[in-house]
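Enquirer: just need the structure, nothing else, for what follows:
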Amino acid sequence: MTALGYTALIFVALLVGATGGIVGTRATQRYRRAQVTGPTVAELLQRLVHTGRGGIVVLNRFGDVVLHNPRADELGLIRDHRADPRARHAADEVLTTGEPVPVDLSPLERTLRGRGPAAVLGEVRPLGDGFTVIDAGDESDAVRLEATRRDFVANVSHELKTPVGALALLAEAVLDAAEDPEEVRRFSTKILHESTRLGTLVSELIALSRLQGAERMPDLTTLEVDEVVDEALGRSQLAAESAETEIAVDGPSGYLLDGDRTLLVTALSNLIDNALSYSPPGSPVSISRRLAGDHVEIAVTDRGIGIEPEHHERVFERFFRVDPARSRATGGTGLGLAIVKHVAANHGGEVKLWSSPGTGSTFTLRIPKHGAGAVEETEVPGPDAPAAARPMTEDADGKTTVETGGVR
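Expert: Numbers count the residues shown, from 1 in each chain. Take a look at the predicted model:
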């Protein structure tokens with residue numbers, strides 16, 4: 001072969017090698033791109049553990065922490081890089097038996113730094129090769145709900161026992177005094193009073209149960225505030241006459257709001273009845289209306305006994321009474337203001353309280369207004385208005401209305 005032929009053969013070989021190298025490089029690049037299209041399974045598992053709502057801690061056979069997520073720190077499963085001793089003890093048991101072990105990891109001490117979890121319940125499971133996993137969650141809401149249910153059942157049982165027991169005793173008294181018409185009439189009147197109180201208590205318990213979500217809220221409609229006030233006044237008229245009290249009301253407002261008429265009338269009449277029950281006969285009670293931002297405020301003011309400051313945060317609790325003897329004497333069930341609070345909350349509003357012992361109280365029902373149907377107005381009765389028509393919002397010491405959450 002000539003020198004020219006050798007040169008051509010070498011050139012062809014180099015060309016074939018270069019072409020093969022290019023093709024191979026491109027194939028390798030395509031293969032690598034196909035391989036790196038997303039996270040690996042290990043990365044996905046790590047993301048799953050770290051974003052979980054429960055606390056996850058993995059321990060080795062010596063009880064050392066191998067892996068944990070941020071939620072485990074928040075729940076207190078990890079302290080000073082070590083697992084809770086109760087969890088480590090459970091992990092030792094799991095390694096011995098090979099069976100999952102439930103464990104209570106609730107905080108042993110409540111700190112004052114915010115509201116931490118009150119009940120942390122978990123399970124320790126074996127992972128094999130000497131590893132165990134602690135899987136725990138915050139069960140505080142469920143525990144609090146169960147405690148609330150127990151308290152509610154206990155309170156209802158206690159409240160129902162009083163009128164039921166009284167009815168039984170009065171019935172026996174009627175039987176013993178069957179030959180004395182005057183005694184029969186007297187005891188029969190008391191039976192009627194207790195049965196009425198019992199019926200009211202049951203009705204308010206049903207209403208409160210509905211308001212707390214046992215039943216769907218009715219559809220809200222556009223209402224005139226003045227009509228709600230007038231109807232509530234009509235319901236309370238007999239109680240006002242019995243208390244020899246005249247209720248002062250400001251002029252028509254024309255305000256509109258979205259709500260359920262029956263519930264709002266019930267809430268407002270409860271506030272009026274409360275004011276009448278806790279005021280001396282003949283003392284003034286007033287109702288006033290105004291716009292405050294996007295809310296319609298209906299204030300009921302009395303010049304009664306007032307409420308001590310330490311009771312302001314409890315006055316909307318079920319069955320709580322500032323003066324139990326007075327409440328029972330007036331037939332109060334201890335649920336009136338609890339119903340008011342839930343009616344306001346279900347309408348997207350709230351109830352505010354200002355009160356001073358010996359001076360009186362102002363309960364203010366705040367409900368969102370209806371769009372642009374209400375005219376912006378924030379004036380309140382001036383100093384020349386009758387005392388009963390002026391809502392008390394601030395006293396000489398500068399105390400202002402405070403928001404609360406119970407029943408006088």
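
Enquirer: contacts, neighbours, all on C-alpha from now
Expert: Fine.

Enquirer: please point out which parts of stretch 133-147 sit buried.
Expert: 133, 134, 135, 136, 137, 138, 140 (16 or more other C-alpha atoms under 10 Å).

Enquirer: hang on, the last one packs against residue 120?
Expert: Yes. Residue 140 is in contact with residue 120 according to C-alpha atoms under 8 Å; the separation is 7.1 Å.

Enquirer: if I've got this straight, residue 307 is in a strand?
Expert: No. Under DSSP: H, G, I helix; E, B strand; the rest coil, residue 307 falls outside any strand and is assigned coil.

Enquirer: pretty sure it contacts residue 357?
Expert: Yes. Assessed by C-alpha under 8 Å, residue 307 is found in contact with residue 357 at 5.3 Å.

Enquirer: ok, the two, which is more surrounded?
Expert: Neighbours per residue, other C-alpha atoms under 10 Å: of residue 307 and residue 357, the larger number sits with residue 307, 22 against 13.

Enquirer: which residues touch the more buried one?
Expert: The contact partners of residue 307, by C-alpha atoms under 8 Å, 6 or more residues apart in numbering, come to 322, 355, 356, 357, 360, 361.

Enquirer: look up how far residue 69 lies from the fifth one.
Expert: In this structure, residue 360 and residue 69 are separated by 54 Å, where distance is defined by C-alpha to C-alpha, to the nearest Å.

Enquirer: likewise the fourth one?
Expert: Between residue 357 and residue 69 the distance is 53 Å, computed by C-alpha to C-alpha.

Enquirer: where in this structure is pLDDT low?
Expert: Filtered on pLDDT under 70, the chain yields the residue ranges 1-37, 109-116, 148-149, 151-159, 161-162, 200-201, 203-219, 318-334, 371-408.

Enquirer: quick one: the helices in it?
Expert: For the chain, applying DSSP state H gives helices covering 3-35, 41-50, 70-74, 85-97, 140-176, 181-209, 225-242, 261-277, 324-329, 336-346.

Enquirer: show me the strands in the stretch 251-400 of the chain, by range?
Expert: 256-259, 285-292, 295-302, 350-356, 360-368 (DSSP state E, counting those that start in this stretch).

Enquirer: so what touches the third one?
Expert: The reference is to strand 295-302. 255, 257, 271-272, 275-276, 279, 283-291, 349, 360-369, 388, 390-392.

Enquirer: what's the PyMOL line that selects buried ones from these?
Expert: To isolate the buried members of the contacts of strand 295-302 in PyMOL, using 16+ other C-alpha under 10 Å:
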select buried, resi 255+257+271+272+275+276+279+283+284+285+286+287+288+289+290+291+349+360+361+362+363+364+365+366+367+368+369+388+390+391+392
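
Enquirer: how many other residues sit next to the residue nearest to residue 340 when sequence neighbours are not counted?
Expert: Spatial nearest neighbour of residue 340, excluding adjacent residues (C-alpha to C-alpha, 6 or more residues apart in numbering): residue 267 at 4.7 Å. By other C-alpha under 10 Å, the residues close to residue 267 number 22.

Enquirer: residue 51 now?
Expert: 12.

Enquirer: do residue 270 as well
Expert: 21.

Enquirer: the residue nearest to it when sequence neighbours are not counted and residue 346: what is the separation?
Expert: Distances taken as C-alpha to C-alpha, 6+ apart place residue 336 nearest to residue 270, at 5.7 Å, with adjacent residues excluded. Going from residue 336 to residue 346 by C-alpha to C-alpha gives 16 Å.

Enquirer: who has more neighbours out of these two?
Expert: Using other C-alpha under 10 Å as the criterion, residue 336 and residue 346 rank with residue 336 on top: 27 against 17.

Enquirer: didn't that one look like it was pressed against residue 269?
Expert: No. Residue 336 is beyond contact range of residue 269, at 9.3 Å (criterion: C-alpha under 8 Å).

Enquirer: how about stretch 249-256: buried residues?
Expert: Using 16+ other C-alpha under 10 Å as the test for burial, stretch 249-256 gives 249, 253, 255, 256.

Enquirer: CA atoms of that stretch as PDB?
Expert: Listed next in PDB are the C-alpha coordinates belonging to stretch 249-256 (Å, rounded to 0.1, in the frame of the first residue of the first chain):
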ATOM      1  CA  VAL A 249     -84.700  53.300  74.100                       C
ATOM      2  CA  ASP A 250     -83.000  55.600  71.600                       C
ATOM      3  CA  GLY A 251     -84.600  56.700  68.400                       C
ATOM      4  CA  PRO A 252     -85.000  54.500  65.300                       C
ATOM      5  CA  SER A 253     -81.600  54.000  63.500                       C
ATOM      6  CA  GLY A 254     -82.500  52.400  60.100                       C
ATOM      7  CA  TYR A 255     -79.400  50.100  60.500                       C
ATOM      8  CA  LEU A 256     -79.400  46.800  58.600                       C
END
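
Enquirer: no more questions from me, cheers.
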